[in-house]
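1. prediction below, plus the sequence it came from.
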Amino acid sequence: MVRNVTAHELKIKWIVNEQDAIDILTTISFLHKQLDECFVVPQHII
């Protein structure tokens, strides 16, 4: 969901304000929590 800008551009060119950083970290945190609640669904081989 979030492109790793620092991997594609110089770090000095990526200006992020505090609110954007909080939004990005909140989104990442939400996605990690969703992944933690996932479980493997067995697939039956036919």
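-> Looks like it arrived, so ask away.

2. for L25, give me its contacts.
-> By CB atoms under 8 Å, 6 or more residues apart in numbering, the contact list for L25 is empty. In short, each C-beta sits where N, CA and C put it, glycine included.

3. check which helix or strand covers it.
-> helix 18-36 (DSSP states H and E).

4. can I get that helix as CSV, trimmed to CA atoms?
-> Coordinates of each C-alpha in helix 18-36 appear next as CSV, following Å, rounded to 0.1, in the frame of the first residue of the first chain:
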residue,chain,number,x,y,z
GLU,A,18,4.3,14.7,10.5
GLN,A,19,0.6,14.0,9.7
ASP,A,20,1.5,12.0,6.6
ALA,A,21,4.0,10.0,8.5
ILE,A,22,1.5,9.2,11.2
ASP,A,23,-1.1,8.2,8.5
ILE,A,24,1.4,5.9,6.8
LEU,A,25,2.5,4.2,10.1
THR,A,26,-1.2,3.8,11.1
THR,A,27,-2.0,2.1,7.8
ILE,A,28,1.0,-0.2,8.2
SER,A,29,0.0,-1.0,11.8
PHE,A,30,-3.6,-1.8,10.7
LEU,A,31,-2.4,-4.1,7.9
HIS,A,32,0.0,-6.0,10.3
LYS,A,33,-2.9,-6.5,12.7
GLN,A,34,-5.0,-7.9,9.9
LEU,A,35,-2.3,-10.2,8.9
ASP,A,36,-1.9,-11.4,12.5
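
5. which phi and psi does V41 have?
-> phi -100, psi 120 (degrees, to the nearest 10).

6. what's the pLDDT at it?
-> In the predicted model, V41 carries a pLDDT score of 86.

7. one more: V5?
-> Taking V5 on its own, its pLDDT is 63.

8. same check, this time on H44
-> At H44, the pLDDT value in this model is 81.

9. burial of it, as a residue count?
-> 4 (other CB atoms under 10 Å).

10. tell me the secondary structure for it?
-> coil (DSSP: H, G, I helix; E, B strand; the rest coil).

11. give the burial count for V16, as a bare number.
-> So V16, with other CB under 10 Å, has 11 neighbours.

12. measure it to I28 for me?
-> 14 Å (CB to CB, to the nearest Å).
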